[in-house]
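[1] Model the following, please.
(one chain, ligands or ions: 1)
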Amino acid sequence: MSDIRSIVVLTGAGISAESGIATFRGPGGLWEGHRVEDVCTPEALAHDPDLVHRFYDLRRAALTIAQPNAAHRALARLDAAWPGELLIVTQNVDDLHERAGAKRLLHMHGELRSALCARCGARQSWQGDLPPGTACPTCAAPALRPDIVFFGEMPYDMDRIETALASCDLFVSIGTSGAVYPAAGFVRTARWNGAQTIELNLDPSDGSIHFHESRMGPASTLVPEWVDSVLADV
Ligand code: OAD
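    Numbering: from 1, shown residues only. The predicted model follows:
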């Protein structure tokens, strides 16, 4: 590990599974009983805003019960102690990484505890329900929506992520199925640029063959072990 200076960590729903937050591609391929097209597309929001807003209201409410687990805490420990470059990129819209203490963090798919104005683009911290037609505090348009990157929309912070992937020495993917791009392509970008690549997941992901190393098991066990091994050389 002594030649590692810059680390990019990608996390997905699997890291929050042991905190009681359902993964997306569970048995039956439904998200808490809904088809993806019905709750996570711009078309769904336009066609049935009540359903889409209610769906994310329930997910937001569930965050008041969920607590960070040992994997979130281990990454926060890495963030605090790692002297080199670090970027934790999460596809998760929960706030468990930051509640565990992570700072060098990007939410590429948006955040449940944020609202986005569909008119002016302002984003603001949001707690509680967000009914359709809520007025934007910035521009007053009745256009606030969940700040979630829907299918077909551009993920956040791609420039910063691409820059970090181009220069990292180690890329680690945790608890993601590798089914959704662009995140699913990060391992190839990092590897092409010379990084070592490790996957920590319960099952082999769709992109498993692209990693130098895959470790299979629950995130609450694998992530603390991996963080300990990285910090042992600091
Ligand atoms: P998925 O539900 O597709 O995959 C979750 C992965 O976590 C699977 O590979 C599981 O094997 C693994 N897993 C489950 N429990 C685990 C545990 N305890 N420890 C470690 N791994 C575990 O979730 P994502 O890959 O995050 O986007 O899904 C990517 C995106 O799909 C989401 O961000 C979401 C959805 O479209 C948006 O909402 C915009």
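[2] Got the domain ranges for the protein?
    Per automatic domain parsing, the domain ranges recorded for the chain read 6-20+67-108+155-231, 36-62+118-148.
[3] Now tabulate these in TSV and tack on mean pLDDT and mean neighbour count.
    (Glycine included, C-beta is placed from N, CA and C.) Compiled in TSV, the domains of the chain are given as follows (pLDDT from 0 to 100; neighbours: other CB atoms under 10 Å):
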stretch	mean pLDDT	mean neighbour count
domain 6-20+67-108+155-231	97	20
domain 36-62+118-148	95	16
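[4] any chance of those domains in a markdown table, with distance to the ligand too?
    Shown next, in a markdown table, are those (distance: least, CB to the nearest ligand atom, whole Å):
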| stretch | distance to the ligand |
| --- | --- |
| domain 6-20+67-108+155-231 | 2 |
| domain 36-62+118-148 | 6 |
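[5] Ile209 should be in a helix, yeah?
    Yes: judged by DSSP: H, G, I helix; E, B strand; the rest coil, Ile209 forms part of a helix.
[6] just checking, Arg73 touches Gly101?
    Yes: look at Arg73 against Gly101 with CB atoms under 8 Å: they come within range, at 7.5 Å.
[7] Quick check: what element follows the helix or strand in which Leu112 is found along the chain?
    Element membership of Leu112, judged by DSSP states H and E, is strand 110-117. Next helix or strand after strand 110-117 toward the C-terminus (DSSP H and E): strand 123-125.
[8] Adjacent strands (with direction) for the strand holding Leu112?
    Neighbouring strands of strand 110-117 in its sheet, by DSSP bridges, are strand 123-125 (antiparallel), strand 144-148 (antiparallel).
[9] To Gly33, which of those strands lies closest?
    Nearest to Gly33, of all the strands paired with strand 110-117, is strand 144-148, at 17.4 Å by CB to CB.
[10] Contact partners for the spatially most distant residue from the centre of the chain?
    Going by CA atoms, centre = their mean, the residue of the chain most distant from its centre is Ala140, 29.8 Å out. Counting by CB atoms under 8 Å, 6 or more residues apart in numbering, Ala140 touches no other residue.
[11] relative to strand 144-148, how tilted is the helix or strand harbouring Asp50?
    Element membership of Asp50 [criterion: DSSP H and E] is helix 49-62. If you take axes from the mean of the first three to the mean of the last three CA atoms, to 10 degrees, helix 49-62 sits at 60 degrees to strand 144-148.
[12] The residue lying closest to Tyr56 once chain neighbours are set aside: what's it in contact with?
    Nearest non-adjacent residue to Tyr56, counting by CB to CB, 6 or more residues apart in numbering: Pro146, 4.0 Å away. Contact analysis of Pro146 by CB under 8 Å, 6+ apart lists 52-53, 56, 110, 112, 115-116, 130.
[13] ends of stretch 135-145, how far apart?
    Taking CA to CA, to the nearest Å, stretch 135-145 runs 10 Å from one end to the other.
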